[in-house]
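In: The sequence and its predicted three-dimensional model are supplied below.
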Amino acid sequence: MTTDVRTAHTARLTPAELSAVRGLLHDAFDGDFGDDDWDHTLGGMHALVHDGHGLAAHGAVVMRRVRHRGRWLRVGYVEGVAVRRDVRRRGLGGTVMGALEEIVVRAYDVGALSASDEGAALYAARGWRTWPGPIHALGPDGLVRLPDEEGSTYLWPALAAEPGEELVFDWRDGDVL
């Protein structure tokens, strides 16, 4: 199997390619990938791996903002990482993440993502580290604590953190992180 990865902005993907990505994400997340999740995956750079059967793996990085120590940082937020079921555990997730990390290094202050239990080992093995403090979002009515995101929000490279220090993410519809 080839592990060549193609990177392209959402604007450069054809309707057929976008449909294939959405189908892969729907299948990979057992149907639990809704319209807001899809919207969060669009508008940035995508990493795609194809094989003889079509799209085998995908991930995207989109721009977000996070406040750390009083400064708003540009964040390359990783979204929609998935590998087709029949080719899992063959390194394709790592191939996709390598391409996304290259984008993060070149275009952002830091990378961030919210990991599922299934994906956490991949990210940790690549040097992504969980944020040890509180996670908030700046919502329409002010700061909103996101306790469900604490322990599953990963950064790369890791930011310095004092005990209890918070991160504040920008707001978006659906799952904020």
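Out: Perfect, I can see it now.
In: all strands of the chain, in order?
Out: When assigned using DSSP state E, the strands of the chain occupy the ranges 5-9, 45-51, 54-68, 71-83, 110-114, 129-130, 135-139, 142-145, 153-156, 167-170.
In: Determine which of those approaches Asp35 most closely.
Out: In this view, the strands of the chain are compared for proximity to Asp35 by Cβ to Cβ, and strand 71-83 is the closest at 13.1 Å. From N, CA and C alone the C-beta is placed, and that goes for glycine too.
In: could you check the angle strand 45-51 makes with the closest one?
Out: 10 degrees (axes from the mean of the first three to the mean of the last three Cα atoms, to 10 degrees).
In: before we move on, the earlier item: distance to Gly98 for the strands of the chain - can I get that in CSV?
Out: As requested, the strands of the chain are exported to CSV (distance: least, Cβ to Cβ, whole Å):
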stretch, distance to Gly98
strand 5-9, 8
strand 45-51, 8
strand 54-68, 10
strand 71-83, 12
strand 110-114, 12
strand 129-130, 17
strand 135-139, 26
strand 142-145, 33
strand 153-156, 12
strand 167-170, 25
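In: could you redo these as CSV and give each row mean pLDDT?
Out: Putting those into CSV (pLDDT from 0 to 100) gives the following:
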stretch, mean pLDDT
strand 5-9, 98
strand 45-51, 98
strand 54-68, 97
strand 71-83, 97
strand 110-114, 97
strand 129-130, 96
strand 135-139, 95
strand 142-145, 95
strand 153-156, 96
strand 167-170, 97
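In: residue contacts, the most centrally placed residue in the chain?
Out: Centrality entry for the chain: nearest residue to the mean C-alpha point is Val78, 1.8 Å, by Cα atoms, centre = their mean. Val78 makes contacts with 59-61, 97, 100, 104, 111-113, as judged by Cβ atoms under 8 Å, 6 or more residues apart in numbering.
In: let's see it at 10 Å
Out: Val78 is in contact with 41, 44, 47, 59-62, 96-97, 100-101, 103-104, 111-115, 119, 123, 128, 154, 156, counting by Cβ atoms under 10 Å, 6 or more residues apart in numbering.
In: try Leu113
Out: Under the contact definition (Cβ under 10 Å, 6+ apart), the residues listed for Leu113 are 59, 61, 75-79, 81, 97, 100, 119-120, 123, 128, 152-156, 177.
In: one more time with 8 Å
Out: For Leu113, the residues meeting the contact criterion (Cβ under 8 Å, 6+ apart) are 77-79, 81, 123, 128, 153-154.
In: And those residues, which is closest to Phe29?
Out: Distance ranking of the contacts of Leu113 against Phe29, using Cβ to Cβ, places Val81 first at 10.4 Å.
In: ok so, going back, indicate which one of the strands of the chain is closest to Gly34.
Out: Comparison of these against Gly34 by Cβ to Cβ identifies strand 71-83 as nearest, at 12.2 Å.
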